[in-house]
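Peer 1: Quick one, what's the 3D model for this:
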Amino acid sequence: MTNQLKVASDNVEQTIDIAKRIGARLKGGEVVEIISDLGGGKTTFTKGLSAGAGSVDKVRSPSFTIENVYVAKTLTIYHLDFYRLNDSGIMANELTEKLSDKSAVVVIEWADIIENILPKNRLVIKIKVTGDQSRQFDISYPDQLSYLVKGLD
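Peer 2: Next up, the predicted model:
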């Protein structure tokens, strides 16, 4: 990842707004890795991302189901959570299929277990809790994905 951007949010509404702005720019074929501690705001960020892409589907944490799917205007958003997996197993094969779908956006939480199959060209968002509702987003991205974060700073 060559580029870095830091964006602050004072509350949940700002977090969702930041994510919506990124979501509105999704074209398909993107991979978004979201990193934070438990309760850091990964699902909240995904709610905004999905809404920005035009989905009206209810976004829930996929912690127990591993995968949730949201349909947006022209995209399918796959929201994956590998927190409970000890081995990537069959999910690695399924993920490889999703990564090759140019009309899909893949959002991944707890990606450590499948790090070896993730594309280098992905948006990585590290969420740091800075207060009760405030967050800092450390965003890493390659030049090819700069359109997603343009104007966020």
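Peer 1: From here on, just use CA atoms for contacts and neighbour counts.
Peer 2: Will do.
Peer 1: Identify each buried residue in the helix or strand in which Gln14 is found, please.
Peer 2: Using DSSP states H and E, Gln14 maps to helix 12-23. In terms of neighbour count (16 or more other C-alpha atoms under 10 Å), helix 12-23 has its buried residues at Val12, Gln14, Thr15, Ile16, Asp17, Ile18, Ala19, Lys20, Arg21, Ile22, Gly23.
Peer 1: ditto for stretch 49-63
Peer 2: Buried, per 16+ other C-alpha under 10 Å, within stretch 49-63: Leu49, Ser50, Ala51, Gly52, Ala53, Gly54, Ser55, Val59, Ser61, Pro62, Ser63.
Peer 1: which of the residues you listed sit farthest apart?
Peer 2: Using C-alpha to C-alpha, the pair of the buried residues of stretch 49-63 lying farthest apart is Gly54 and Ser63, separated by 23.3 Å.
Peer 1: re the thing from before, which single one of the buried residues of stretch 49-63 is nearest to Asp112?
Peer 2: Looking across the buried residues of stretch 49-63 and measuring by C-alpha to C-alpha, the closest to Asp112 is Ser63, at 14.7 Å.
Peer 1: Tell me how many other residues crowd Gly151.
Peer 2: Here the number of neighbours of Gly151 (other C-alpha atoms under 10 Å) works out to 9.
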